[in-house]
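**Q** Fold the following, please.
(one chain, ligands or ions: 1)
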Amino acid sequence: MTSELLKRVEALRQQLHQHNHQYYVLDDPVISDAEYDQLFRDLLKIEQEYPEVFSVDSPTQRVGAKPLSQFNRVEHKIPMLSLGNAFSEDEVSVFDKRLRDRLKDDSIIEYVAEPKLDGLAVSLMYEKGVLVQAATRGDGATGEDITQNIRTVGSIPLKLTGKGFPERLEVRGEVFMPLAGFKSLNDQLAAEDQKTFVNPRNAAAGSLRQLDSKITAQRPLDMYSYAVGFTENGAMPTNQWDSLEILASWGLKVCPEIKLVKGDRGCHEFYRDIGVRRSALAYEIDGVVFKVNDFQVQEQLGFVSRAPRWAIAQKFPAEEVQTVINDVEFQVGRTGAITPVARLEPVFVGGVTVSNATLHNMDEVERKDIHIGDVAVVRRAGDVIPEVARVIVDKRPADARPVVLPEKCPICSSEIERVEGEAIARCSGGLYCSAQLKESIKHFVSRKALDIDGLGDKLVEQLFDAALIKNFDDIFSLNHKDIARLERMGDKSATNVLQAIEDSKNTTLARFIYALGIREVGEATAKNLANYFGDLTLIEKASLEQLESVDDIGPIVAEHVVRFFKEPHNIQVIEQLLDSGVKWAPLLVAEGESGLPLEGQVYVITGTLKEMKRSEVKEKLESLGAKVTGSVSSKTNVLIAGENAGSKLTKAEKLKINIFDENQMFEMFHTFD
Ligand code: IVH
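**A** Below is the predicted model:
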């Protein structure tokens, strides 16, 4: 590699970065696509020939990288908060007044008014101007590492331009899919007979959560930056407006609609103006956000629970349309719950055509006085399931009929029971009811249960409808021919499913318990039961009192568990499954004493670990008997702190809790080998 060539690589990268910026950020390309492609290919060729010039910020990284098997977790250095909501101008005025009262200063407050973009919040970390990590918001404290995917988004700089940025700079913003891109993506998916996305937000989310970044690279994603998060070594402006301006000068894209406004009147004007122009925007917004401009004032105002006091989102009202309720049918869920569903005259609302709306339960039907034949107001907010907001009684036709809960299950004709004081009616048929059975089988094979890859809802339906599976156990006697001849299946997919079925036989006690679908026993409860009893027969025989001494189990759940195992049919199902070869490694627990070296110890893991994934460390610790929790408290025995550990480390230090770094952790594991 000559220095001549190195210079050439640098120059190509520089040019490509510049053209990328012109195209994606400034929307003003100065060369043709063909010329761009040529430069790209030139660079790619050199990089392939001389792998030593590899760099994460090379424009060639935008095409995607090797697929991941899972996303790593990223702890946010500063929590990613949400916003308080206002639904009217009055509420915004109240907000503004509240701030002035709190500040004991009645001067007009200056706000930055921004569209509330309908996408996903992300955090980008730049070190010395190079994008090194990107994460989703997750629960606000920890998100998922989506760096590979973010690198494929054309308008996100892999390297900041200009100078003066802090050594470490976290930029926050919204990744979204512009409407035009959304439309062409859906057209393309439809043409390929693939599932389309319901709205741009789901499409953006689905694209960002791809383990294969090569797929993300083909999705028309964009991002507007709206805030600065963590910074280190470097000065930043002292207000929101200048911050956004400086981010733009470093090559980040900022929404061109943002405005500096004065007082609540300025906010109202902005809201009305954007409201009028909303449908002409190239992307979806679901409201506007007003943020106090001055950071010092922001600091003075501080936060309440998980939202800043200095900002508010004014949401647009959900779009409402009228349509006719043609019929009301009753669906039967896994636990027998009977849900009334309105069959609607198809209507376009909130970006999709809606022909069904859940009516939740009979109380709701009665409360809203819903009749078959009524004209209903239907709405869809965000990606929420469509609902009937109300019916227009004045428009009720003479032949409208009230909705009557059937006495017998529409699927299996068993009695329908409605417990006094409970809103939900249930089919009493249990697994005799084919609807409940079908849903139970879907649950049994689902990801958190036996996790049979490739055996999704659709295939379960097909197998069930073809009478190839009538109970859980039948899954294990499926043969290649049966599966391969189903629609959309073939030789290869049948082989894969059969292999996944075989693999699923090696499971864990917790998964098995969860898979059984006992009422109110979710993933966490199943885990607690497994850890506490360690053995299925002990759970089968457990008394209400014993069950209630398990973490998180109260009298209702205990009752469901006892009732489940009292039912001979259920015991029979379990025996058949065990006979088919379903098994799990025994947990070494004897009456609450595991004899494991870390029994009774509480561990917390934080920061970035280099050698092991967090999930692996957690598994290892749990296999040694420790309990791993998410937050440091006086009950914590050890904090495992990787690099860049944040508030948990500070807290552990304060509480004088043992802290192990990654090396010390390995030493400890080693002593137990
Ligand atoms: S600021 C502390 N600005 O709205 C304030 N958020 O509930 C943090 N969003 O999930 C957010 N457009 O993804 C802010 N211009 C904007 C926004 C925006 C959309 C989303 C954001 C977050 C949610 C906040």
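
**Q** The residue in the chain positioned nearest to the ligand sits in which helix or strand?
**A** Taking CB to the nearest ligand atom, the ligand has its nearest neighbour within the chain at Ala121, 3.1 Å off. Where C-beta positions appear, they are placed from N, C-alpha and C, glycine not excepted. Here Ala121 sits within strand 120-127, counting by DSSP states H and E.

**Q** hmm, who's touching that strand?
**A** With CB atoms under 8 Å, 6 or more residues apart in numbering as the test, strand 120-127 has contacts from 74, 76, 80, 131-137, 143, 146, 150, 156, 160, 165, 167-176, 201, 204-205, 208, 223, 229-230.

**Q** which among those residues end up buried?
**A** Using 16 or more other CB atoms under 10 Å as the burial test, the contacts of strand 120-127 include 74, 76, 80, 131, 133-137, 143, 146, 150, 156, 160, 165, 168-176, 201, 204-205, 208, 223, 229-230 as buried.

**Q** Neighbours of the nearest residue to Phe303 once chain neighbours are set aside, how many?
**A** Using CB to CB, 6 or more residues apart in numbering and skipping the chain neighbours, the partner closest in space to Phe303 is Arg309 (6.2 Å). Burial of Arg309, expressed as a neighbour count using other CB atoms under 10 Å, amounts to 17.

**Q** SS state for the spatially most central residue of the chain?
**A** Residue closest to the mean C-alpha point of the chain, counted by CA atoms, centre = their mean, is Gly138 at 6.9 Å. Following DSSP: H, G, I helix; E, B strand; the rest coil, the label given to Gly138 is coil.

**Q** host element of the closest residue to it other than its chain neighbours?
**A** The shortest distance from Gly138 to any non-neighbouring residue, by CB to CB, 6+ apart, is to Glu144 (6.1 Å). Using DSSP H and E, Glu144 falls within strand 142-144.

**Q** And for Pro79?
**A** Secondary structure (DSSP H and E) places Pro79 outside all helices and strands.

**Q** what's the pLDDT at it?
**A** Looking at Pro79, its pLDDT reads 92.

**Q** quick one on the thing from earlier: what residues are up against the residue nearest to the centre of the chain?
**A** Gly138 neighbours (CB under 8 Å, 6+ apart): 73-74, 76, 80, 144.

**Q** What's opposite Lys408 in the beta bridge?
**A** Glu415 (DSSP bridges).

**Q** for it, what are its contacts?
**A** So Lys408 contacts 414-416 (CB under 8 Å, 6+ apart).

**Q** neighbours of the residue lying closest to Leu498 once chain neighbours are set aside, just the number please.
**A** Spatially, and ignoring its direct neighbours in sequence, Leu498 is nearest to His480 (6.2 Å; CB to CB, 6+ apart). Close neighbours of His480, defined as other CB under 10 Å, add up to 12.

**Q** what separates His480 from Leu486, distance-wise?
**A** Going from His480 to Leu486 by CB to CB, to the nearest Å gives 11 Å.

**Q** Next: Met223.
**A** 42 Å.

**Q** same thing with Met612?
**A** 41 Å.

**Q** which bits of the chain sit near the ligand?
**A** 81-83, 114, 116-117, 121, 137, 174, 226-227, 289, 308, 311, 313 (CB under 6 Å from any ligand atom).

**Q** mind running it again at 8 Å?
**A** 80-83, 114-121, 137, 172-174, 224, 226-227, 255, 258, 285, 289, 291, 307-308, 311, 313 (CB under 8 Å from any ligand atom).

**Q** Kindly write the ChimeraX command that selects the buried subset of these.
**A** What follows is the ChimeraX syntax selecting those of those that are buried according to 16+ other CB under 10 Å:
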select :80,81,83,114,115,116,117,118,119,120,121,137,172,173,174,224,226,227,255,258,285,289,291,308,311,313
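
**Q** and the buried ones among the contacts of strand 120-127, which of them are in helices?
**A** Of these, the ones assigned to helices by DSSP state H are 150, 201, 204-205, 208.

**Q** Please indicate which of the contacts of Lys408 are buried?
**A** So, by 16+ other CB under 10 Å, the buried ones in those are 414, 416.

**Q** so which of the contacts of Lys408 comes closest to Glu299?
**A** Ile416 (58.2 Å; CB to CB).

**Q** Please identify the pairing partners of the strand holding Glu144 and their relative orientation?
**A** Strand pairing for strand 142-144, using DSSP bridges, gives strand 73-75 (antiparallel).

**Q** returning to what we had before: the residue nearest to Phe303 contacts Val297, correct?
**A** No - the pair Arg309 / Val297 is not scored as a contact, 10.3 Å apart, by CB atoms under 8 Å.

**Q** For these two, list the residues in contact with both.
**A** In contact with both Arg309 and Val297: no residue, using CB under 8 Å, 6+ apart.

**Q** Report the beta-bridge partners for the residue nearest to Gly138.
**A** Under the criterion used (DSSP bridges), Glu144 bridges to Arg73.
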